[in-house]
Each structure stands twice: as C-alpha cells, then as structure tokens.
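Trainee: My questions are about this predicted structure, shown below with the sequence.
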Protein chains: 2
Amino acid sequence: MSTLDEIAKLSGFSKATVSRVLNQSPHVSKETREKILAIMKETDYVPNRNAISLSKGQTQQIGMITMDLNGLILSFMNSFVEISGRYGYQTIIYTTGGDKQKELQAFEDLKMKRVDALLILTSVNEQNVISSYCKYGPIVSWQRMDHPEIPSVAMNQYDGYALALEHLVERGYTRIANAFGRPSSINTHSRRLAYEQIMAKYNLPVIEKWYYSTIYSIHDGEQLLRSLMDETNRPDAILCSNDLVATGILSEARRQKLDVPGDLAIVGFDNSELSQTLGITTILNPISGQAENAFLLLAPVLLGRDMELQPLSYKLVERETT
Amino acid sequence: MSTLDEIAKLSGFSKATVSRVLNQSPHVSKETREKILAIMKETDYVPNRNAISLSKGQTQQIGMITMDLNGLILSFMNSFVEISGRYGYQTIIYTTGGDKQKELQAFEDLKMKRVDALLILTSVNEQNVISSYCKYGPIVSWQRMDHPEIPSVAMNQYDGYALALEHLVERGYTRIANAFGRPSSINTHSRRLAYEQIMAKYNLPVIEKWYYSTIYSIHDGEQLLRSLMDETNRPDAILCSNDLVATGILSEARRQKLDVPGDLAIVGFDNSELSQTLGITTILNPISGQAENAFLLLAPVLLGRDMELQPLSYKLVERETT
DNA sequence: CTAAACCTTGGAACGCGTTACATGTCAAGT
DNA sequence: ACTTGACATGTAACGCGTTCCAAGGTTTAG
C-alpha cells in the first residue's frame, strides 16, 4: 500500500505538491497534476483517513447518542444521516441502554476527537455533566435541554396537543382523558397546559383523574384501557403521548368490542408508520425536519457558516379513530 | 489541551513510559504510574484518538452498509451495535439509498482505514466489485453472498418456510398461496423449494398460479388480497415473505369482512414488532443471533481469535391468524 | 528595462501516540 | 563472586498527511 511519501519520490515532486494534487489546490500546473495522478492510479494509492484526521484535527464524524433504537428514532436517524452525509459527515451510533457510563463514552470520544460533534437523542446524564463537554465541540440535542449552550430541535408540544384537542372538541367529544409519559417531563407539562387552556376555552371540565402518567408502550396502552373498563363514568376520547400507546388502546378496544370512534375516540402522536397502517388519527410530528435542523445547528461550527433553520409545524392527520 | 509529550516533560519520564501507563502495561512501577496519572488528571489530559488510530493502524470502527433504515434492520443493528460495542468497536452507518456510488464510498473508507471492517446489510454493487475490497479488511454480509471471501449470516429460509407450511397443513389448510419477494432471490428459491417438497409430502397440489412475486410492503399485501377477491377459487391460506405483507393482507381482509383465520389464514415472517402487536402468526427469524454471528465472523481478523458462532433456528410463533 | 506580482514547487515542522530495541539496575541462582 | 534474568525506563524511528514560509522562475505592468 503506497503512501503519499512514495508518490512524491516516484514522481520526483515534493510531498507538498502531491498533497496539493490530492486537495485540488489550484496551485499546481496541469502537467504536474496529471503526472502525479497517473502515478497514484498505477500504485493504487489511497490517502490514509487517520493521517488526514490527525493533521487536520477533525474526523468528519458526528456521534449520535441514544438509549435505544426504535421506530421513532429511526426516522430521525434516517434524515440526519442523509443530510450530514450530504456535507461529508458520517454518523456513528452510541446506544447507551440508559447507562450513564456508556453514555459518557460518547462525550469522551468528542474530547478525544473521534467525533467532531455530538447529537443527543436521549441522554441520561445530568445536564451540567453534559455541558462541561461543550468546550470540546458542538453538541445539539433532540430532547429538550435546559442549557443555553446546548440547543434543542425538539418542538414545543403545546401546539400539537392543542391541534388534537380542538379536533376532538369539534367532533363533539368532551370527556377527554390524557395518557402522558414521564410526569415530570417538559412535554407532559406543555400538554397539560394545552389541555387546561383548551378545555377552559370551551368551558369543558378538566378531570384530573383522567391524567394518566408513565404510559409509554403498546402494553401500557392496553392496560390503561382495561383498567378504564371497570369504571362507570368513562372518557369518550383518549389523547396519547405517542402512537404506540394509541395502538395499544385501539387493539384493546377491539378486544373489548368497543366501537372506535363511536364509543371511544383515540388520537396518537408522531404519525409513525404504525399509525398509518392501523388508521389511527394522529399528530404529524415533523421529525425529519427536526433532524435536518439538528445538523443545521451544527453547521456554524462544522462548516463555518450559518444556515437557516427551516420552520416546522405540527399537522393533524385525520384517520379512522376520531 | 495537553498532549502525551507534555505529560512526559512535566513528569520527567519519557513518552514511552507515559504511553505504557496509558495502555496499562505491567512494566511500570507503581510510583511512576501514580505520578503520571496524577499529572494527567491535573492537566486534564486525554489521548487523541486520531493519533492512536494512525499509529496503531486501526480505528476500532466497523462500517455498516444498508440501503435504508427500516424496522427489520433496526433489530439487527441494535444487536450488532451492542455486541461490537462490548468489544470496543463503534458502528458507523452508511445508508446508500440504493446508490452504487454512495455504497462504494463505504468500501473506499475501508481502504482508507476509516473503518476496520464492513458489515453489509443490503448492497447493490456487483459481487466482484465488492470482493475486490476484501484485501483491505474483513467484510461480512447479512444478505446472502455468493462469494467465498464474504461470509454471510443469513439463514436458509427453507427451514422457516417449511415450519410455516407444516403448521398450516396440520391446521387443515390445503390451498396455500405464496407471496414472494424478489423472484430471482435465493430466499424465494428456498421458499419455493420448501413449498414444493412439503406439498408433495402431503400429496397436496402445487398451484403455480398462487406464486405471487415482488410483494414487499403493506400496500403490496393489501393489493394482492384485493386482486384475489375477484377469483372464484381462492386460496385458504397465504404465506408471506415478511410481516409487512402479512399486515397488509390482514387489514385488507378485515375491510373485506373476511374471517381470519376462518376464511383465510395468514402467516408472516420475521416476528417483527408489528406481528406481535397485530397478533399475526409468524416465523421467528433469529435476527439478533445473526447480528451477533456477524460480529463473531469478524472476530478472527479484528480480535485475532476465533469465536464460535451460535447455532440459530427458526421458530413458529402461533398467534391469531392461523 | 526594472519592479511588482504571480505561479509553481520545495523544505521542514507539525499533529500525537506507539513500539522495537537498547540500557541500566537489582536480586535470585550456582 | 559471577552469571542470568526480570524489571523499569529511555531513545528514536515510525505511521502519513497538512501547511506555513521561502524560493526560483516567469509574466505583466510601468
């Protein structure tokens, strides 16, 4: 395997000139360039990425931190890999499984310059631990972060939730339950706020009993509906924190012979493939757009130029469950 | 940002000794080690990954090539990232979108030593093009490859398909249709073979008309069943190439008021999350096991030691569609 | 015809660890 | 007392491009 040095010797030019050829510098005469290129071809020369990274001080790699890989993250990842690839950046995955130590490894890799930047999808370390790594390279987050140095591309779910609520109210549903996720999360807070404000707007009762928390999965959704079946005064609609929960509720409703949307309306969140397949009304969460914005936020540092973020908005996707 | 050289100077020892401390070499006295470690802590020293990669000649990174990211690949990826991480390897994603040139980039990265090895999930380049890169590092494939130098962890689908067939026959279904994928693929070939042999074994008719090809997605499944509705002599069971197709057929069957499994039995393939959710009988494809085997196949070159592959087998997962 | 400007190319240091080989020391073995 | 060997540490080359600065040659403008 030949090296740049060998090409230099074979061609009779200096390493500097060979390097210029490699980097398409205009300061090389045509003949020289051609001679050197010919020799490169002959000797099957390929520059060594590690040497380049070492001397340039950057790797063209972006680390992506996530607890696990799931359907939602997939679409984010897809778009992010796509757009960053377009600018010559590779994406490298750090799945932490929620382990703080493992997650820290990603931050150490930023410090060691294995990656030029980090994208946090979900993280478990304290924010001040994370922010202490900001000096080593740009970090952006999907998940909302309360730190000025770490911008987040997550959207305020207030708008999306309000959209869903208005839709339900319009359709005549008044007894609306909420399946929230993590009770302390910012998203839950926004949703609750939206719920209370919209209900107030239409003079509808806010029933705190119908705030359900820590509902995340299909299974949680199934269980939630099952527990509701025993009650006499049941809600006539359930707003879910994601499409998985909506799926669980829907399949349990079918099992219980409830008419959807007659007896019960269901609204999911995210517009995942699952909701498309099953015909669940949901809120389109512009995830690809957020992924692109994540990269655009890194651009100032990575590419040295500001790039305008694209404006994003939630959309209601009406299907058969409302 | 301090360097190894600075640590050496500050501590009064040579670079070699500092390096030994870093690499936990036993040939350093306890006091020396402690002194050096103390100085490292003080100066917030972190070794530079690129320098290490350059001098060691390897990056501890494995590239994963795929046309796109989808549900099935997710579980493969999850396991692969997990096991390779356990041995200190990072995974870096190359999504090609089916573009040959983009895919070649991954192979060039192997040549340039950006990655130590490659894992092909789906590729579009000719096998002899791919195999010409074997000399630059180990390459394994999920997708079956007909090249001696590129081992594949894909399993012969004959067994899985036979399992599904035996199950259907046992249940009394005799008019069994096949929804195949790519007609020329090895998998389709194995499935067809299994079909013909099992049908022969039970003296059941093989109806070539019921070989459907290029059926991949939910949408394809829906369409297939719709077209079947017009026929007078309908199959009483459909074996699908994946769970997506089964999902499509199932939801269309519901729409058409067909009784599943009374009028029509459906068997999927892969045991994806979707099939679990919807209660589709399917064949469990041990994907995580294949992912682990993929890494184990790289182990001889990467870790310098042979590791035993784990034996894998298909399993029938009975649910509500048979 | 000369000075300023430009183009092409080279020299050498730099980025930062790793490692084969050499040296010096001290204790155990005979 | 002398050899053998284990152990701690140093020296210097190596891995491979990049880039700043300088220099020689040529063209252009005045």
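Mentor: The structure has been received and is ready for your questions. Since the structure is predicted, the reported quantities are computational estimates derived from the model, not experimental observations.
Trainee: Of all residues in chain A, which one is nearest the centre?
Mentor: Residue closest to the average C-alpha location in chain A (CA atoms, centre = their mean): residue A:76, at 4.2 Å.
Trainee: Work out for me the element it sits within.
Mentor: Here residue A:76 sits within helix A:71-86, counting by DSSP states H and E.
Trainee: I'd like to know which elements that helix is packed against.
Mentor: Packing partners of helix A:71-86 (3 or more CB pairs under 8 Å, 6 or more residues apart in numbering or on different chains; DSSP states H and E): strand A:61-66, strand A:90-95, helix A:287-302, helix B:71-86, strand B:90-95. The C-beta positions use only the backbone N, C-alpha and C, and glycine is treated the same way.
Trainee: Can you tell me how far residue A:153 is from residue A:233?
Mentor: Residue A:153 is 40 Å from residue A:233, where distance means CB to CB, to the nearest Å.
Trainee: Between those two, which has more neighbouring residues?
Mentor: Legend: neighbour count by other CB atoms under 10 Å in any protein chain shown for residue A:153 and residue A:233, higher for residue A:153 (23 against 8).
Trainee: For residue A:222, give its distance to DNA strand D.
Mentor: To DNA strand D, residue A:222 is 56 Å away according to CB to the nearest atom of the strand, to the nearest Å.
Trainee: do residue A:300 as well
Mentor: 19 Å.
Trainee: residues contacting that residue?
Mentor: Applying CB atoms under 8 Å, 6 or more residues apart in numbering or on different chains to residue A:300 gives the contacts A:138, A:306-307.
Trainee: Look up the pLDDT of it for me, please.
Mentor: Note on residue A:300: pLDDT of 93.
Trainee: So it versus residue A:62, what's the distance?
Mentor: From residue A:300 to residue A:62 the distance is 14 Å (CB to CB).
Trainee: got it, and residue A:255?
Mentor: 44 Å.
Trainee: Residue A:212 now?
Mentor: Residue A:212 is 37 Å from residue A:62, by CB to CB.
Trainee: Neighbour count for these two, which is higher?
Mentor: residue A:62 (27 against 21).
Trainee: Please name the bridge partners of the more buried one.
Mentor: residue A:91, residue A:117 (DSSP bridges).
Trainee: Next, see if the least confident helix or strand in chain A by mean pLDDT gets close to chain B.
Mentor: Between all helices and strands in chain A, the lowest mean by mean pLDDT, DSSP states H and E belongs to helix A:273-278, at a mean of 84. Yes. Using CB under 8 Å from any CB of the partner chain, helix A:273-278 reaches chain B at A:273-274, A:277-278.
Trainee: Return the residues of the stretch 51-200 of chain A in contact with DNA strand C.
Mentor: With CB under 7 Å from any atom of the strand as the criterion, the stretch 51-200 of chain A comes near DNA strand C at residues A:51, A:54-55, A:57.
Trainee: Flag every residue of chain A that's near DNA strand D.
Mentor: A:1, A:3-5, A:15-16, A:19-20, A:22-23, A:45-48, A:50-52, A:54-56.
Trainee: re earlier: let me have the residues of helix A:273-278 next to chain B in CSV, extended by distance to DNA strand C and neighbour count.
Mentor: Converted to CSV, the residues of helix A:273-278 next to chain B look like this (distance: CB to the nearest atom of the strand, whole Å; neighbours: other CB atoms under 10 Å in any protein chain shown):
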residue, distance to DNA strand C, neighbour count
A:273, 44, 18
A:274, 46, 26
A:277, 50, 20
A:278, 52, 24
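Trainee: can you tell me which of these lies nearest to DNA strand D?
Mentor: residue A:273 (41.9 Å; CB to the nearest atom of the strand).
Trainee: how close does the closest one get to residue B:5?
Mentor: Taking CB to CB, one finds residue A:273 at 53 Å from residue B:5.
Trainee: Next: residue A:312.
Mentor: 48 Å.
Trainee: Compare the two (neighbour count), which wins?
Mentor: Here residue A:312 and residue B:5 are compared on neighbour count by other CB under 10 Å; more neighbours surround residue A:312, at 15 against 10.
Trainee: Which residue comes closest to residue A:169 once chain neighbours are left out?
Mentor: residue A:202 (5.4 Å; CB to CB, 6 or more residues apart in numbering or on different chains).
Trainee: just so I have it, where are all the helices in the stretch 201-322 of chain A?
Mentor: Shown for the stretch 201-322 of chain A, the helices assigned by DSSP state H, counting those that start in this stretch span residues A:218-229, A:243-255, A:273-278, A:287-302.
Trainee: Which one, of those, ends up nearest to residue B:190?
Mentor: Closest to residue B:190 of those is helix A:273-278 (CB to CB; 27.9 Å).
Trainee: one step back: weakest of the helices of the stretch 201-322 of chain A by average pLDDT?
Mentor: helix A:273-278 (a mean of 84).
Trainee: got the contact list for the closest residue to residue A:301 other than its chain neighbours?
Mentor: Using CB to CB, 6+ apart and skipping the chain neighbours, the partner closest in space to residue A:301 is residue A:138 (4.2 Å). Contacts for residue A:138 (CB under 8 Å, 6+ apart) come out as A:116-118, A:297-298, A:300-302.
Trainee: rerun that using 10 Å as the cut-off
Mentor: For residue A:138, the contact set (CB atoms under 10 Å, 6 or more residues apart in numbering or on different chains) comprises A:62, A:110, A:116-119, A:149-151, A:297-302.
Trainee: Filter the residues you listed down to the buried ones and express that as a ChimeraX selection.
Mentor: Selection of buried members from those for ChimeraX, criterion 16 or more other CB atoms under 10 Å in any protein chain shown:
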select /A:62,110,116,117,118,119,150,151,297,298,299,302
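Trainee: rewinding a little: please produce CSV containing the helices and strands packed on helix A:71-86, extended by distance to residue B:239.
Mentor: Shown next, in CSV, are the helices and strands packed on helix A:71-86 (distance: least, CB to CB, whole Å):
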stretch, distance to residue B:239
strand A:61-66, 35
strand A:90-95, 34
helix A:287-302, 34
helix B:71-86, 18
strand B:90-95, 30
